[in-house]
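Undergrad: With the sequence up front, the predicted model follows.
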Amino acid sequence: MSKPQLKIGLEIHTQLNTLYKLFSNSPNSTSNLNVQPNTSSSFFDISLPGTQPKLNTQCLLNTLKLATALNCEIPTTSSFDRKHYFYGDQPLGYQITQHFHPIAKNGIVPLFKRHHPKIKDDLIVHIQQLQLEQDTGRSIYHSTNSSLSFINFNRTNIPLIELVTLPDFSNLEQVRSFLHTYIKLVQDLNICTGDLETGALRVDVNINLSGFPRVELKNLPTISAILNAIKFEEKRQLNALNSGNIPIDVETRGWNGTQTYHLRSKESSVDYRYVPDMELPKIKIHPDLKSEIKSILPKPIHERLDDLIATYNLPLRDAKILLNNDNLRNYYEHAWNLLAPHGKKIQNKLVNWLVHDLLGILNKDDTPLTLPVTTFVDLITIVESGTVSKSNGKLLLMHLVHNSEDHNKPITDLAKEFDMIMKESDVSSIVQSVLTIESNAKILKQIREGNKGKLNYLIGQCMRASNGNVKPQLFEQELHKILNN
């Protein structure tokens, strides 16, 4: 019997970082969790009688930016509807959303294996629709008295984009790759922080094995929680199928960090009694607006990644690091241009110096990047030219990161100050000490007699004697001097 097919779809709620809320002039406090409870709420947010919604057009523009970036169809007309349900953190008794005529539909997100090596094949993720809607308040339960709870209305009416995918995912790596791609996209568009842990991004998972009713998973605060919940739920459903204990109803389940648990039976659209919101006019989108928005958007992520790899001959891992850090990428591009007069060979060393050496120091010590790019380039140049050894160059780099007062000193003067300048006599003395070994002296004789292949062995012995602190080319030059005498 073949293994049941796993189908996974995602529903992602993206909080927009606009200045004001969706239907009121209350400040949008999504990025500030320290705001006192119920201080960012207007009369409309708490649903006082007589108050009416007024659409924040910046929310609309941000949604259209995302829709365009996701290659969605954007209808010329969309509208808002009321989704009815009663809960303490929803004071209106309904949520203003888009059920009948969403703002966008039928988008795609391509995931290419060349960018995501852990997925088996290229995958096109289909976006069913995007809809603009209100967020709810936040319920806070008393830690010791289960009958007591509080409501913070600061989050009420914060603008949300709900994105719904088709069940195109069949494994964890596809889900992981899509989430990282989507988070990077909303950050690049500057419409959301993309932070799951603060709730700026909230992901629900729809999952089922073939022959099993669909299950919705909620309370997933991190990517690892999402993946672990999927893994557990797949196993739970497989066990139920094998035992013949298959439920009839679609259900919603939570995640407690170790397992999923029943929350409620999943409601249908009939249960929500959707009706058009007559207090809000229809939205008319000019057909030319999509092309105008597209002209101001950054290139798609996969295209920018391809550009970085092709332009700078970068490994995928390093290209992704630069793509995900605008400041680091700009620093890299500036350094690359400054190194151009020294040739491609030294330019190609830049990524190791920046991503592995400099970034490694910054991350380890939790230090911001303040080193002037010109100083960094000068350091690379004197090391790659053999003036300073690689190990001493790394020490010099560490010194510069932690001592900003030396940033404007000429790098050669700083190297002299620490006695790091490689002298020709240092190279010569190392070579001579290696050649005093009887077996190496015999090899030198063999090279003179025509066995040129043995030269690399002697260079290796010199490198070992110097602990790798001298460029092999310098030892090769010194050995050729001796051979030519």
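TA: Arrived safely, thanks for sending. Everything numeric in this text was worked out from a predicted model, so none of it was measured.
Undergrad: CA atoms for contacts and neighbours, from now on please.
TA: Noted.
Undergrad: And the contacts of the strand ranked longest in the chain?
TA: Ranked by residue count under DSSP state E, the longest strand found in the chain is strand 123-134. For strand 123-134, the external contacting residues (C-alpha atoms under 8 Å, 6 or more residues apart in numbering) are 22, 60, 63, 67, 70, 72, 95-99, 102-112, 156-166, 168-169.
Undergrad: Show me the shaky parts of the stretch 351-485 of the chain.
TA: For the stretch 351-485 of the chain, the stretches flagged by pLDDT under 70 are 423-425, 468-469.
Undergrad: any chance you could map the helices in it?
TA: Applying DSSP state H, counting those that start in this stretch to the stretch 351-485 of the chain gives helices spanning 359-365, 373-384, 390-402, 411-417, 424-435, 438-448, 455-465, 472-484.
Undergrad: If you count contacts, what does the fourth one end up packed against?
TA: Same thing as helix 411-417. Helix 411-417 sits against helix 373-384, with contacts defined as 3 or more C-alpha pairs under 8 Å, 6 or more residues apart in numbering; DSSP states H and E.
Undergrad: returning to what we had before: can you add distance to residue 84 and give the helices of the stretch 351-485 of the chain back as CSV?
TA: Output for the helices of the stretch 351-485 of the chain, formatted as CSV (distance: least, C-alpha to C-alpha, whole Å):
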stretch, distance to residue 84
helix 359-365, 48
helix 373-384, 57
helix 390-402, 57
helix 411-417, 68
helix 424-435, 81
helix 438-448, 87
helix 455-465, 75
helix 472-484, 74
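Undergrad: looking at those, which is buried most?
TA: Across these, averaging neighbours per residue (mean count of other C-alpha atoms under 10 Å) puts helix 373-384 on top, at a mean of 19.
Undergrad: Just list what it packs against, helices and strands only.
TA: So helix 373-384, by 3+ C-alpha pairs under 8 Å, 6+ apart, packs with helix 326-339, helix 390-402, helix 411-417.
Undergrad: now do 10 Å
TA: Other elements packing on helix 373-384 under the criterion 3 or more C-alpha pairs under 10 Å, 6 or more residues apart in numbering; DSSP states H and E are helix 326-339, helix 344-347, helix 350-351, helix 390-402, helix 411-417.
Undergrad: report the angle between the axes of it and helix 326-339?
TA: Per axes from the mean of the first three to the mean of the last three C-alpha atoms, to 10 degrees, the angle that helix 373-384 makes with helix 326-339 is 60 degrees.
Undergrad: what's the offset of helix 373-384 from the middle of its chain?
TA: Helix 373-384 sits 29 Å away from the centroid of its parent chain (C-alpha atoms, centre = their mean, to the nearest Å).
Undergrad: Just want the angle from that helix to helix 390-402.
TA: Using the same axes, to 10 degrees, the inter-axis angle of helix 373-384 relative to helix 390-402 is 160 degrees.
Undergrad: The longest helix along the chain - what's its average pLDDT?
TA: Using DSSP state H, we find that the single longest helix of the chain is helix 223-243. Taken as a whole, helix 223-243 carries a mean pLDDT of 96.
Undergrad: residues of that helix that come out buried?
TA: Within helix 223-243, the residues scored as buried using 16 or more other C-alpha atoms under 10 Å are 223, 225, 226, 227, 228, 229, 230, 233, 234, 237, 238, 241.
Undergrad: Need those in JSON lines (columns: distance to residue 308).
TA: What follows is the buried residues of helix 223-243, written out as JSON lines (distance: C-alpha to C-alpha, whole Å):
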{"residue": "223", "distance to residue 308": "26"}
{"residue": "225", "distance to residue 308": "32"}
{"residue": "226", "distance to residue 308": "30"}
{"residue": "227", "distance to residue 308": "30"}
{"residue": "228", "distance to residue 308": "33"}
{"residue": "229", "distance to residue 308": "35"}
{"residue": "230", "distance to residue 308": "34"}
{"residue": "233", "distance to residue 308": "39"}
{"residue": "234", "distance to residue 308": "38"}
{"residue": "237", "distance to residue 308": "43"}
{"residue": "238", "distance to residue 308": "43"}
{"residue": "241", "distance to residue 308": "47"}
